[in-house]
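1. here is my input; please provide its structure:
(one chain, ligands or ions: 1)
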Amino acid sequence: MTGKLETIYAQTLTGGLTRPRLEENLSADVCVIGGGLAGINVALGLVQRGKSVVLLESRCLGWGASGRNGGFVLGGYAAGPYELYKKLGASQARQIYGLTLSALKLIRQRAKDFGIPCDITDGHLKCSWYDEPESQKKTVDFLKENFGENIEFWPREKVRDVCRTDRYYDAYFYPGYFHMNPLGYIQGLAGVIESKGGRIFEYSPALAVEETSSGSRVKTASGTVHAAHIVYCGSAYFNGLEKRLSRACLPVSTYVMVTEPLSREKMASAITKPYAIRDTRWTDDYYRILPDNSLLWGGRVGLGTRVPANLDRAMLGDLLKIYPQLEGVRVKSAWAGIMGYTTHKMPHIGRLRDGVWSCTNFGGNGLGPTTAGGEMIAAAIAQGDETYKLFERFGHQWTGGPLGPLVAQGVYYSWGIADALHETGNAFKRAQRKKAAARRTAR
Ligand SMILES: Cc1cc2nc3c(=O)[nH]c(=O)nc-3n(C[C@H](O)[C@H](O)[C@H](O)COP(=O)(O)OP(=O)(O)OC[C@H]3O[C@@H](n4cnc5c(N)ncnc54)[C@H](O)[C@@H]3O)c2cc1C
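-> Coordinates of the predicted model:
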């Protein structure tokens, strides 16, 4: 993962988007470290509240997970709703989850108000890998009742009108969720930050932070920023700049592939609607049709930060397992990205000490939550708002240091095993049901 950002999103950007390196000594109210969605959302929230901001990015904006992700925009966090409910109880779980549902509205509003071209497309279909409609219906009721989700149960006949595969059974449909080009969105927000006086520097890694009597001094190779507040937004790309955050962050790689554009007929032989689609396994596939009628396909997680050999072939293999009728499609591009995971799968949104804040480690669900996190931290710094305190109880547990990635791989394999067991259990139940039906007919 060196050089420039090579994703299809980067190819959609047009000219004039590079920012300068920091080569001077500056002062600001706030210095934001990291130019992914978290850093950009914090910076935007701050300039909108009248604060002066300098944002430092090691490489280019969106270099990390934010410019490489699947572009699915959904409610909730990497920790699922059942986990939140169990840990926090009904009322607090709903409150903390609700922040992300509001964030989805804010993303739409910002894209519209600022005229950001980021291809927002509605609808999110989560297809069941297992034959268990009753448990699916219960989940729909649970999410409606406890989290106020706008969600529908779809029977399998309806699912198969959209996904022409017999791998799926029933599904949940979220009409209010959407997908978009995340890098286009980041670039659009960056333009808004600059139009309001914020300063953004690329290829300017923060190398050291010195806390002073009136704030912090952040040093880069050729400049400094002195600020009353700093916000750490470096996620898995941080490399130990702030020890408490780094030791509580487990870097987990995951992958995306994009096909060459398909003919309308070929695409429709497999997928007939431009929704964000995924399945219900722990180790799920997720995919969506892009504006040029190519297919973006994401999935798998990996050990460490190395991009596996033959990634494109492996991802294509995953696609053909679901849609063998797409045999013959060609891969245009495949890439890896690294997510920052915590032990509890909830982000580190909060105050580390006076004038030192974090908005980071969002794991595999970041588009909605980074927007919510950005608003919380900006409101805390500019207005003394204390919503961020909802996240204090999650803490900064150690993720295992060098052994962490091994543990993560083990967990991923165990998820794979759990999926396989679940599938075997279902097949067994189906066989039992068939036998019972045959016995009834014979009688
Ligand atoms: C392949 C993939 C697919 C995904 N799909 C989805 C999806 O469909 N939907 C969804 O919601 N989420 C998805 N995610 C997760 C989501 O992308 C992340 O949760 C989110 O982007 C995290 O944003 P961030 O700003 O915290 O981190 P990042 O985007 O990783 O940004 C951190 C930035 O900080 C910079 N940085 C680090 N250290 C320094 C330093 N010392 N000085 C200056 N800059 C520094 C890095 O260069 C980097 O640009 C996916 C992630 C991956 C990798």
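
2. can we go C-alpha only for contacts and neighbour counts from here?
-> Noted.

3. would you map out the domains in the chain?
-> Domain ranges of the chain: 8-119+180-249+342-416, 121-177+250-340, per automatic domain parsing.

4. need these in JSON lines with mean neighbour count and mean pLDDT, can you?
-> Shown next, in JSON lines, are the domains of the chain (neighbours: other C-alpha atoms under 10 Å; pLDDT from 0 to 100):
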{"stretch": "domain 8-119+180-249+342-416", "mean neighbour count": "20", "mean pLDDT": "94"}
{"stretch": "domain 121-177+250-340", "mean neighbour count": "18", "mean pLDDT": "95"}
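
5. just so I know, which of these lies nearest R439?
-> Proximity to R439 (C-alpha to C-alpha) singles out domain 121-177+250-340 among these, at 21.4 Å.

6. that older thread, now the domains of the chain in a markdown table, with distance to the ligand?
-> Formatted as a markdown table, these follow (distance: least, C-alpha to the nearest ligand atom, whole Å):
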| stretch | distance to the ligand |
| --- | --- |
| domain 8-119+180-249+342-416 | 3 |
| domain 121-177+250-340 | 4 |
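
7. and these as JSON lines, adding distance to R440?
-> Below are the domains of the chain laid out as JSON lines (distance: least, C-alpha to C-alpha, whole Å):
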{"stretch": "domain 8-119+180-249+342-416", "distance to R440": "36"}
{"stretch": "domain 121-177+250-340", "distance to R440": "22"}
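
8. helices along the protein, start to end?
-> Along the chain, counting by DSSP state H, helices occupy 8-12, 37-48, 81-88, 90-113, 133-147, 156-162, 182-195, 243-247, 264-268, 311-322, 367-383, 404-442.

9. now the third one: how far from the chain's centre is it?
-> Using C-alpha atoms, centre = their mean, to the nearest Å, the mean C-alpha position of helix 81-88 is found 19 Å from that of the whole chain.

10. the fourth one now?
-> The chain centroid and the centroid of helix 90-113 are separated by 15 Å under C-alpha atoms, centre = their mean.

11. that one vs helix 367-383, what angle?
-> Helix 90-113 and helix 367-383 are oriented at 90 degrees to each other (axes from the mean of the first three to the mean of the last three C-alpha atoms, to 10 degrees).

12. just checking, what packs against helix 90-113?
-> helix 81-88, helix 133-147, helix 367-383 (3 or more C-alpha pairs under 8 Å, 6 or more residues apart in numbering; DSSP states H and E).

13. mind exporting the C-alpha coordinates of it to CSV?
-> The C-alpha trace of helix 90-113 is given here as CSV (Å, rounded to 0.1, in the frame of the first residue of the first chain):
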residue,chain,number,x,y,z
ALA,A,90,-33.0,-0.3,25.9
SER,A,91,-32.9,3.4,26.5
GLN,A,92,-29.2,4.1,26.1
ALA,A,93,-28.8,1.7,23.2
ARG,A,94,-31.6,3.5,21.4
GLN,A,95,-30.0,6.9,22.1
ILE,A,96,-26.5,5.9,20.9
TYR,A,97,-27.8,4.1,17.9
GLY,A,98,-30.1,7.0,17.1
LEU,A,99,-27.1,9.2,16.7
THR,A,100,-26.1,7.3,13.5
LEU,A,101,-29.7,7.4,12.1
SER,A,102,-29.5,11.2,12.4
ALA,A,103,-26.1,11.1,10.8
LEU,A,104,-27.5,9.4,7.7
LYS,A,105,-29.9,12.4,7.3
LEU,A,106,-27.0,14.8,7.8
ILE,A,107,-25.0,13.1,5.1
ARG,A,108,-27.9,13.4,2.6
GLN,A,109,-28.4,17.0,3.7
ARG,A,110,-24.8,18.0,3.3
ALA,A,111,-24.5,16.3,-0.1
LYS,A,112,-27.5,18.3,-1.2
ASP,A,113,-26.7,21.6,0.4
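
14. next, the angle helix 133-147 makes with that helix.
-> 80 degrees.

15. got it, and the second one?
-> Angle between the axes of helix 37-48 and helix 133-147 is 30 degrees (criterion: the same axes, to 10 degrees).

16. touching helix 37-48 from outside, list them.
-> 32-33, 52-55, 62, 66, 186, 189-190, 192-193, 196-198, 231-234, 359-360, 366-367, 370-371, 373-375, 377-379, 381-382 (C-alpha atoms under 8 Å, 6 or more residues apart in numbering).

17. let's go with 7 Å and repeat that
-> 32-33, 53, 66, 186, 190, 193, 196, 198, 233, 359-360, 370-371, 374-375, 377-378, 382 (C-alpha atoms under 7 Å, 6 or more residues apart in numbering).

18. show me the contacts for K273.
-> V162.

19. coming back round to it: which one, of the helices and strands packed on helix 90-113, ends up nearest to A206?
-> helix 367-383 (19.7 Å).

20. just the angle for that closest one relative to helix 182-195, thanks.
-> Between the axes of helix 367-383 and helix 182-195, defined by the same axes, to 10 degrees, the angle is 20 degrees.

21. restricting to C-alpha, output helix 367-383 in CSV.
-> Taking Å, rounded to 0.1, in the frame of the first residue of the first chain, the C-alpha atoms of helix 367-383 are listed here in CSV:
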residue,chain,number,x,y,z
LEU,A,367,-19.7,6.3,7.2
GLY,A,368,-22.6,7.0,9.5
PRO,A,369,-20.7,6.8,12.8
THR,A,370,-17.8,9.1,11.7
THR,A,371,-20.4,11.7,10.8
ALA,A,372,-22.0,11.3,14.2
GLY,A,373,-18.6,11.3,15.9
GLY,A,374,-17.5,14.5,14.1
GLU,A,375,-20.6,16.3,15.3
MET,A,376,-20.1,15.2,18.9
ILE,A,377,-16.5,16.2,19.1
ALA,A,378,-17.0,19.5,17.3
ALA,A,379,-20.0,20.3,19.6
ALA,A,380,-17.9,19.3,22.7
ILE,A,381,-15.0,21.6,21.8
ALA,A,382,-17.0,24.5,20.5
GLN,A,383,-20.1,24.4,22.8
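
22. which helices and strands sit right next to that helix?
-> Other elements packing on helix 367-383 under the criterion 3 or more C-alpha pairs under 7 Å, 6 or more residues apart in numbering; DSSP states H and E are helix 37-48, helix 90-113.

23. just the residues contacting it, thanks.
-> With C-alpha under 7 Å, 6+ apart, helix 367-383 has contacts from 37-38, 41-42, 45-46, 49, 73-75, 77, 99-100, 103-104, 349, 359, 385-388.

24. could you point out which of the domains of the chain sits nearest A438?
-> Closest among the domains of the chain, using C-alpha to C-alpha: domain 121-177+250-340, at 19.2 Å.

25. for the closest one, the distance to its chain's centre please.
-> How far domain 121-177+250-340 lies from its chain's middle: 14 Å, per C-alpha atoms, centre = their mean.
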